[in-house]
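>>> this one's structure only:
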């Protein structure tokens, strides 16, 4: 009997001790969990407070609004807008030039994505519902343009700041003059068409509405999605991208370990030349074969652009190479440089705008991926600016398309390009002049430098 009482007493004692320990551990765990939750909440609130106090400043908001406007104007003309983004981010937002350049690559990518989506999904009623983007120009131009960018980047390292600024000012002055002249020419042609026919009708658009500029084939009323041409463009993009990954940058940062600016670095860099030549030659041969098989050859004004000899056939690759070199040299996108050149050789404004935006998409995405792989900082802020430019580009496209449909003047595209070129010439030249003056007053070396 006493034994049973003892066992019962021990059982209740153990149960009491167990419950007491369980309650104590539960309270301790609850306090610990509450403390951790409090720390997490405080950390989150501190991050929000830090972000709101340091990142979202008045200058950042103003810079975002200005970039929105710049994207709207730039995308109306089919160009990247890097010549406007970089000065805005450096002068207004107070970012360093290196950070502003990386942000600009993402912003141009966001805007060009909006352009490509719009131009693929929405066709121009001015061309009878047919494809406006000339994928043949993009195919001929893209390999040499990507090659030119790499050459221009090397020249940017070698040339002194004062020479780069001077060349940039001279080129933008020439491009602005030529673009404005083309704009007034198209405006005059449209006005003469109104006076002659009573309606706004431009014969050059009637010729282009038969099909893409470099394609001698008729297009059905339904838009054909150019899968093969897009596939070739992706192959070109991937070929150069793999070379960039293998080479890395001049500090040896890449997917393989090579000596910075060593023999392997320059060998891989030089491989871009045969890649560009092979792709360009193959595209030209394929185009010539298709032209020989085509039954219609009556469009002599179009054939004269590329079929009158080797110099004519190479005009687009040569222009793309020069635009890429100048884009890499000046640190801006190629769209702002190749757009005036296409207008200068007689490509209609709407075809120029859509084709340039399509080409800028490939070059800007490559630049953005390179910045990501090389450990870019403040990615989320760059994405926010890219979204702003995406929305601004859509707004600019809708406004310019509505204005062309209402007034019937495609020359508005040319004038939007002129505005971007003029503002870029003023901002970028002024910014470069300030850097040159700062280097001069500080006694910094202002001569030619080695590429590494």
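Now that the structure is in, tell me what you want to look at. Remember, predicted model here, so these are calculated numbers, not experimental data.

>>> CA atoms for contacts and neighbours, from now on please.
OK.

>>> can you give me the pLDDT of the residue nearest to residue 95 when sequence neighbours are not counted?
In space, not counting the residues next to it along the chain, residue 95 is nearest to residue 89; the distance is 5.8 Å by Cα to Cα, 6 or more residues apart in numbering. At residue 89, the pLDDT value in this model is 88.

>>> so where is this structure shaky, pLDDT-wise?
Filtered on pLDDT under 70, the chain yields the residue ranges 1-56, 122-131, 194, 197-225, 249-253, 291-312, 331, 333, 373-375.

>>> strands of that one, residue ranges please.
Listed in chain order, the strands of the chain (DSSP state E) amount to none at all.

>>> that older thread, what about the residue nearest to residue 95, how many neighbours?
One way to gauge burial is a neighbour count; for residue 89, by other Cα atoms under 10 Å, it gives 25.

>>> how close does it get to residue 448?
Residue 89 sits at a distance of 28 Å from residue 448 (criterion: Cα to Cα, to the nearest Å).

>>> again with residue 338
From residue 338 over to residue 448 the distance is 27 Å, taken as Cα to Cα.

>>> ok, those two, which is more surrounded?
Set side by side, residue 338 and residue 448 show unequal neighbour counts under other Cα under 10 Å, the larger going to residue 338 at 28 against 13.

>>> now do the contacts for the closest residue to the more buried one other than its chain neighbours.
Spatial nearest neighbour of residue 338, chain neighbours left out: residue 323 (5.5 Å); criterion: Cα to Cα, 6+ apart. Residue 323 makes contacts with 145, 148, 334, 337-338, as judged by Cα atoms under 8 Å, 6 or more residues apart in numbering.

>>> try it again at 7 Å.
In this structure, residue 323 makes contact with 145, 334, 337-338, judged by Cα atoms under 7 Å, 6 or more residues apart in numbering.

>>> now, these that are in helices?
Using DSSP state H to define helices, the subset of those located there is 145, 337-338.

>>> what would the residues you listed look like in CSV with distance to residue 241?
Compiled in CSV, those are given as follows (distance: Cα to Cα, whole Å):
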residue, distance to residue 241
145, 13
337, 22
338, 21
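
>>> nearest to residue 254 among the residues you listed?
Checking the ones in helices among the contacts of residue 323 against residue 254 with Cα to Cα, the nearest one is residue 145 at 22.5 Å.

>>> for the closest one, grab the count of nearby residues.
Counted with other Cα under 10 Å, residues neighbouring residue 145 total 30.

>>> how much space separates residue 172 from residue 158?
Summarising the geometry, the distance separating residue 172 from residue 158, computed by Cα to Cα, is 21 Å.

>>> the more surrounded of these two?
Shown here are residue 172 and residue 158; by other Cα under 10 Å, residue 172 has more neighbours (22 against 17).

>>> I appreciate the help and will end here.
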